[in-house]
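below are the sequence and a predicted model; questions follow.
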Amino acid sequence: MNRRAEPVPAPDTNDVDTEQLLSEWFEDEAPSREPAVLAPNVIARTALTRRRSRYFVRDWWRDLFRAHQRSSLTPALGASALVLVVVVAGLIGLLALLPRGEMEQPAPEYPADAIVVSPEESRSTIAAAIAEAEVGDTVVIMPGEYTENLLVDKDIVLRGGGDRDSIVLRPADPEQPILAIDGADAEVRGFTITGAGNSVSVVAGAPLFDDMVFREVGDQWWTYTGSGWDGFDGAAPSIVVEVFAEPTIQNSLFDGGGEIDVRGSSTAYILDNVLTNGAAIFLNSASGETVVRGNSITDSGLFSIEITSGTDLLIEDNVIEQSLPGIGIQAARLTGTIRDNVIRGPNIGIQIVDGASAEISGNVIDASGTALEVHEGVSPTLSGNELCGDNAIMAVMRGAEPLDLSGNDLCDAPLVFAQ
């Protein structure tokens, strides 16, 4: 039979130590009390008497004020409430001081004094902004389409102010470069250039191209005639580099169009780009320390990387996937290193002609035809490569001698195919 719990008599509150009172209750009284006894008297509801936790704070405050009618708790509670109100008011005041826009939008990534171009503003042409800019200035191009041919002949920054695919530069004159950089160490970042038959031109200077899109810029150098591949002189590269220029071209997309064409004893750093649908790299009279590293090249045309002249080149860590030849070396005086590249699916992995003498090491070639094609007079050093071809490891052409493949990993295909 259940008995109603009788209320606990209220003690004398004239001289009560609040901290001692709470300590005594939690340590001595609470463990021995049944829920029915605790219900009307405890400071905080426990899980046995109040399972809905959302009422915990409300009930705690209510019971705290009512606990045994001890008025000595009131000053401490009042002080705590006052401190809480002050803290909350201070936080609200600090938030009120912040501009609303600063909380909702990130700060712009370009300088506050940048020259901004927009189709919707009075300064609507990039050329006008470039003319206005001084050395060290930044020209920001806002989303939109711009039909202009640009000349940059001073050290400025030319960059997009939004998603790079939403900012498109097209040529106004099909006979002139879309963008010409003449003797300047400019920076070009974050927008799209397009224009079949036109090129981007770099003459001298050491510009930086970063996070760009080159879509259908230029023409493929090689065309398939039905009986074979032929080059044609009228082809426009996507980027032509000449007259001792030293550009860096990185983190960009080349979709269609022509090659990155390095010529005129220039040096280039071509790093971490994606090239596809005909886009390729053509090193024609590249000079010392030219580096082609970390690029992904697919379906590029006759060669993904073609070397017709160069010294001290470094071609490394590139991934090539296509059915046509991967790397073509046609440089009689080539020195340098071709290493740690992956070439998948080509009918010829690496073609070596004209007395080339590069070091070829650590490459992985899995060819649909022949891993290596060697011609008369070549003398490269081959070491640590993984070589596999469905037809042959090596095709020896036009009276050439087979190369020494000791120190390389070979698959089970025929070692040598002579023609």
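Ah, there it is.

pretty sure Val157 is touching Glu187, no?
Yes: between Val157 and Glu187 there is a contact under CB atoms under 8 Å: 4.4 Å. Quick note: C-beta positions are derived from backbone N, CA and C, even for glycine.

what mean pLDDT would you report for stretch 168-176?
Average pLDDT, stretch 168-176: 95.

okay, buried residues for it please.
Val168, Leu169, Arg170, Pro171 (16 or more other CB atoms under 10 Å).

and stretch 139-153, what's buried?
Here stretch 139-153 shows Val139, Val140, Ile141, Met142, Pro143, Gly144, Tyr146, Glu148, Asn149, Leu150, Leu151, Val152 as buried, counting by 16+ other CB under 10 Å.

in JSON lines: those residues, plus distance to Val241 and secondary structure.
Output for these, formatted as JSON lines (distance: CB to CB, whole Å; DSSP: H, G, I helix; E, B strand; the rest coil):
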{"residue": "Val139", "distance to Val241": "22", "secondary structure": "strand"}
{"residue": "Val140", "distance to Val241": "26", "secondary structure": "strand"}
{"residue": "Ile141", "distance to Val241": "23", "secondary structure": "strand"}
{"residue": "Met142", "distance to Val241": "29", "secondary structure": "coil"}
{"residue": "Pro143", "distance to Val241": "29", "secondary structure": "coil"}
{"residue": "Gly144", "distance to Val241": "29", "secondary structure": "strand"}
{"residue": "Tyr146", "distance to Val241": "24", "secondary structure": "strand"}
{"residue": "Glu148", "distance to Val241": "22", "secondary structure": "coil"}
{"residue": "Asn149", "distance to Val241": "18", "secondary structure": "coil"}
{"residue": "Leu150", "distance to Val241": "17", "secondary structure": "strand"}
{"residue": "Leu151", "distance to Val241": "16", "secondary structure": "strand"}
{"residue": "Val152", "distance to Val241": "15", "secondary structure": "strand"}
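
low pLDDT regions in the stretch 101-250 of the chain?
Along the stretch 101-250 of the chain, segments meeting pLDDT under 70 span 101-108, 221-234.

if we use 90, what do you get?
In the predicted model, the stretch 101-250 of the chain carries pLDDT under 90 at residues 101-112, 120-123, 174, 196-197, 219-236.

turn the buried residues of stretch 168-176 into JSON lines, columns for distance to Asn318 and secondary structure.
Below are the buried residues of stretch 168-176 laid out as JSON lines (distance: CB to CB, whole Å; three-state DSSP):
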{"residue": "Val168", "distance to Asn318": "28", "secondary structure": "strand"}
{"residue": "Leu169", "distance to Asn318": "28", "secondary structure": "strand"}
{"residue": "Arg170", "distance to Asn318": "30", "secondary structure": "strand"}
{"residue": "Pro171", "distance to Asn318": "30", "secondary structure": "coil"}
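
of all residues in the chain, which one is nearest the centre?
Asn251 (6.6 Å; CA atoms, centre = their mean).

buried set for stretch 201-209?
Residues of stretch 201-209 classed as buried by neighbour count (16+ other CB under 10 Å): Ser201, Val202, Val203, Ala204, Gly205, Ala206, Pro207, Phe209.

any idea which of those is closest to Phe244?
Phe244 has its nearest neighbour among the buried residues of stretch 201-209 in Ala204, at 5.8 Å by CB to CB.

please name the nearest non-neighbouring residue to that closest one.
Among residues not flanking Ala204 along the chain, Gly183 sits closest, at 4.4 Å (CB to CB, 6 or more residues apart in numbering).

how about the helices in the stretch 51-200 of the chain?
56-66, 74-97, 100-104, 126-132 (DSSP state H, counting those that start in this stretch).

hang on, the earlier thing: so what does the residue nearest to the centre of the chain have for phi and psi?
With angles defined as degrees, to the nearest 10, Asn251 sits at phi 50, psi 30.

what about it, distance to Met212?
8 Å (CB to CB, to the nearest Å).

got the contact list for Gly377?
Applying CB atoms under 8 Å, 6 or more residues apart in numbering, we find Gly377 in contact with Asp354, Gly355, Ala400.

tell me the contacts of the last one?
Taking CB under 8 Å, 6+ apart as the definition of contact, the neighbours of Ala400 are Val374, His375, Glu376, Gly377, Val378.

please redo it, this time with the cut-off set to 10 Å
Contact analysis of Ala400 by CB atoms under 10 Å, 6 or more residues apart in numbering lists Ile352, Val353, Glu373, Val374, His375, Glu376, Gly377, Val378, Met394, Ala418, Gln419.

from Ile329, how far off is the closest residue to the last one other than its chain neighbours?
This points to Gln419. Spatial nearest neighbour of Gln419, excluding adjacent residues (CB to CB, 6+ apart): Met397 at 5.5 Å. Met397 sits 13 Å away from Ile329, going by CB to CB.

so between these two, which is more surrounded?
Each of Met397 and Ile329 has its neighbours counted (other CB atoms under 10 Å); Ile329 has more, 31 against 18.

show me what the more buried one bridges to in the sheet.
Ile307, Ile352 (DSSP bridges).

does it really touch Val378, like I thought?
Yes: assessed by CB atoms under 10 Å, Ile329 is found in contact with Val378 at 8.1 Å.

where do the contact lists of these two overlap?
The contact sets of Ile329 and Val378 overlap at Gln351, Ile352, Val353, Asp354, Gly355, Ala356, Ser357, Ala358 (CB under 10 Å, 6+ apart).

out of those, which comes closest to Gly195?
Nearest to Gly195 among the shared contacts of Ile329 and Val378, with distances taken as CB to CB, is Gln351, at 31.3 Å.

next one: that closest one from Gly136, what distance?
46 Å.

so between the two, which is more surrounded?
Gln351 (23 against 10).

mind listing what the more buried one touches?
Taking CB under 10 Å, 6+ apart as the test, what Gln351 contacts is 303, 306, 325-330, 370, 372-375, 378, 395, 397.
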